[in-house]
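need a 3D model of the sequence below.
(one chain, ligands or ions: 1)
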Amino acid sequence: MTAVSVQAVSQIFNQGHTDEVTALSDVDLTVAPGEFVSLIGPSGCGKSTLLRLIADLITPTSGTVEVNGKPAEKARLDQEYGIAFQQAGLFEWRTVQRNVELPLELRGQSRAERRSRTAEMLELVGLTDFARHYPAQLSGGMQQRVAIARALAVHPPLLLMDEPFGALDEMTRERLQTELLAICAKTGTSTIFVTHSISEAVFLSNRVVVMSPRPGRITATADIDLPSPRDEAVRQSPAFFDAVTTVRKALRAAA
Ligand SMILES: Nc1ncnc2c1ncn2[C@@H]1O[C@H](COP(=O)(O)OP(=O)(O)OP(=O)(O)O)[C@@H](O)[C@H]1O
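The predicted structure is shown next:
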């Protein structure tokens, strides 16, 4: 079974009106279980739209979207994916623990189940000591780790991320990239990751999908064949720089 299957998807906003926009045209994308795929491309090429279609936050004008073998709507209702955006989107009045518990509450899990699962997730993202803190007491990087813990709390097979590290400084960003890969390897989660950073896409991904605007289309796909687990040495390796050059060329061709 595939983690994500997008077939012949087009998305036209405001169809028939003067402000009609073809955000996506005839997009196909398949993601295998455990695979990490990044979407990269110039502003307005439809990266967020594609992610929102997979999350069933919008319905495509034409084409089909399946997650874990289910139609997108059923997958959303069954919490088959977790989602994390550029803004961590935590509830300021809830402690870290109660933020991570939220999707478990929505599932109707008992207090004991929620507590043990949340403890496990906070351990995974290294925030056990901050369970009783409020979001405002945490750094931006820590808030993103809480958002990742919350997104993964229900053990979804898929994680959808839209520039989750975009607002962070370079060092924090690189540390979180390494942590994210370790978490995905441990949980077996498939990930679709939207970014503007070529080096971030290359470091994280098994595959980088390059998109171009007007209309949004997939113009190239680069398989990233780097050693695993990816550590800091990988960032300095000739193979890493070669992959960055490949993606940069594909992006130039797409612009
Ligand atoms: N709800 C909407 N209504 C109308 N047009 C929209 C809507 N959402 C997106 N669009 C348009 O669809 C196109 C693709 O937008 P999208 O946000 O998916 O691009 P993106 O690649 O994620 O851009 P960025 O890198 O700047 O975040 C843009 O032209 C945008 O204006």
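
I'd say residue 65 and residue 53 touch.
Yes - Residue 65 is within contact range of residue 53, at 5.5 Å (criterion: C-beta atoms under 8 Å). Bear in mind the C-beta positions are built from the backbone N, C-alpha and C, glycine included.

can you list residues touching both of the two?
6, 9, 72 (C-beta atoms under 8 Å, 6 or more residues apart in numbering).

and residue 66, that's in a strand?
Yes - the assignment for residue 66 is a strand, going by DSSP: H, G, I helix; E, B strand; the rest coil.

and the pLDDT at it?
For residue 66, the model assigns a pLDDT of 97.

next one: residue 250
Note for residue 250: predicted pLDDT of 94.

residue numbers of the protein in contact with the ligand?
Counting by C-beta under 6 Å from any ligand atom, the chain comes close to the ligand at 13-14, 21, 23, 41, 43-49, 216.

using the three-state scheme, assign the nearest residue to residue 67 once chain neighbours are set aside.
Excluding its sequence neighbours, the residue lying closest to residue 67 (C-beta to C-beta, 6 or more residues apart in numbering) is residue 75, at 3.6 Å. Three-state assignment for residue 75 (three-state DSSP): helix.

wouldn't residue 75 be in contact with residue 57 here?
No - Residue 75 lies out of contact with residue 57 (C-beta under 8 Å); the separation is 12.0 Å.

mind listing the helices for the stretch 1-150 of the chain?
Applying DSSP state H, counting those that start in this stretch to the stretch 1-150 of the chain gives helices spanning 47-54, 72-77, 96-106, 111-124, 140-152.

of the ones you listed, which is nearest residue 237?
Closest to residue 237 of these is helix 140-152 (C-beta to C-beta; 25.2 Å).

helices or strands next to that closest one in the packing?
On a contact count with 3 or more C-beta pairs under 8 Å, 6 or more residues apart in numbering; DSSP states H and E, helix 140-152 meets strand 81-85, helix 96-106, helix 111-124, strand 158-162, helix 170-187.

how big is the angle separating the longest one from strand 158-162?
Going back to what we said before, that points to helix 170-187. Interaxial angle, helix 170-187 versus strand 158-162 (axes from the mean of the first three to the mean of the last three C-alpha atoms, to 10 degrees): 170 degrees.

mind checking how far helix 170-187 is from the chain centre?
12 Å (C-alpha atoms, centre = their mean, to the nearest Å).

who does the next helix or strand after that helix pair up with?
Where DSSP states H and E defines the elements, the next helix or strand beyond helix 170-187 is strand 190-194. Paired strands of strand 190-194, with direction, are strand 36-40 (parallel), strand 158-162 (parallel) (DSSP bridges).

which of those strands comes out lowest on mean pLDDT?
Among the strands paired with strand 190-194, strand 158-162 has the lowest mean pLDDT, at a mean of 94.

and that strand with helix 140-152, angle?
Relative orientation of strand 158-162 versus helix 140-152 (the same axes, to 10 degrees): 150 degrees.

now do the buried residues in strand 158-162.
158-162 (16 or more other C-beta atoms under 10 Å).

identify the residues contacting that strand?
3-4, 31, 47-48, 51, 54-55, 67-68, 80-86, 148, 151-152, 184, 189-194.

distance of the most centrally placed residue in the chain relative to the ligand?
For the chain, the residue nearest the mean C-alpha position is residue 161 (2.1 Å; C-alpha atoms, centre = their mean). As judged by C-beta to the nearest ligand atom, to the nearest Å, residue 161 and the ligand stand 13 Å apart.
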